[in-house]
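1. Next come a sequence and a model predicted from it.
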Amino acid sequence: MSEWRKIKLEDICKISSGKSAKYVKDQTNKFKVYGSNGIIGSYNEANFYKGYLVGRVGAVGSVQKINEPVWASDNTLTLIVNESLVDFNFMEFLLTTMNLANYATKTAQPLLTQTILRKLEIDLPPLSEQHKIAAILSSVDEAIEKTETIIEQTEKVKKGLMQQLL
């Protein structure tokens with residue numbers, strides 16, 4: 001196996017916070033507004049374009065991959081990946097396996113901060129190995145999605161048959 005290295009998250013990502021906005025709770029504006037656990041409305045401008053959103057409060061530690069202009073709310077932390085060091089898709093798998101919620105403050109309102117994220121150390125393989133790992137895991141995800149679709153379709157057929165037969 002090639003040489004992996006320990007590195008801090010801040011050395012491979014630009015980490016900041018989302019911003020508050022007077023968004024509407026529907027999709028009438030051009031850009032989606034993301035909270036800590038997904039889309040919460042729309043806004044007329046974007047403040048984030050590509051990277052990852054991590055739940056800061058609320059759904060602390062949740063990870064959302066962003067490939068389009070959006071508004072990142074103040075309930076999120078934004079991570080812009082240095083793609084000369086990290087495969088963009090590999091980063092998604094890395095972040096989701098880090099169990100980021102475990103690093104939140106242990107208070108009545110758990111909070112994940114930029115400072116905490118910046119200091120987290122990870123084991124990072126060489127970029128060529130990251131590409132291979134991401135490709136393999138993406139293939140597995142695709143197979144899972146196809147299987148889930150088949151299961152949903154089969155359940156619908158079963159339900160229809162049950163109504164006809166019973």
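-> Perfect, I can see it now. Residues are numbered from 1 along each chain as shown.
2. What does the pLDDT read for the spatially most central residue of the chain?
-> Of all residues in the chain, the one closest to the mean position by C-alpha atoms, centre = their mean is Q64, 2.2 Å from it. pLDDT, Q64: 97.
3. Same question for L9.
-> 97.
4. One more: A59?
-> Reported pLDDT for A59: 92.
5. and the residue nearest to it when sequence neighbours are not counted, how many neighbours?
-> Of all residues beyond its chain neighbours, the one nearest A59 is N37 (3.6 Å), with distances taken as C-beta to C-beta, 6 or more residues apart in numbering. C-beta: built from backbone N, CA, C; applies to glycine. N37 sits with 15 neighbouring residues when counted by other C-beta atoms under 10 Å.
6. I'd say N37 and G58 touch.
-> Yes. Here N37 reaches G58: they are 6.1 Å apart, a contact under C-beta atoms under 8 Å.
7. Need the contact partners of the host helix or strand of the residue nearest to the centre of the chain.
-> Taking DSSP states H and E as the definition, Q64 sits inside strand 63-66. The contact list for strand 63-66, computed with C-beta atoms under 8 Å, 6 or more residues apart in numbering, reads 34, 38, 48-55, 72, 76, 92, 95-96, 100.
8. worst-scoring helix or strand of this structure, pLDDT-wise?
-> helix 127-165 (a mean of 88; mean pLDDT, DSSP states H and E).
9. same for it, what does it pack against?
-> helix 88-97 (3 or more C-beta pairs under 8 Å, 6 or more residues apart in numbering; DSSP states H and E).
10. Check which residues of the helix it packs on are buried.
-> Going by neighbour count (16 or more other C-beta atoms under 10 Å), the buried part of helix 88-97 is 89-95.
11. Reformat the residues you listed as a markdown table; add distance to I116 and pLDDT.
-> Below are these laid out as a markdown table (distance: C-beta to C-beta, whole Å; pLDDT from 0 to 100):
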| residue | distance to I116 | pLDDT |
| --- | --- | --- |
| N89 | 24 | 96 |
| F90 | 22 | 96 |
| M91 | 18 | 96 |
| E92 | 20 | 95 |
| F93 | 21 | 95 |
| L94 | 16 | 96 |
| L95 | 14 | 96 |
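12. what's the closest of those residues to I12?
-> M91 (8.0 Å; C-beta to C-beta).
13. And the residue nearest to that closest one when sequence neighbours are not counted, its phi and psi?
-> Counting by C-beta to C-beta, 6+ apart, V81 is the residue found nearest to M91 once chain neighbours are left out, at 5.1 Å. Dihedral pair for V81: phi -80, psi 130, per degrees, to the nearest 10.
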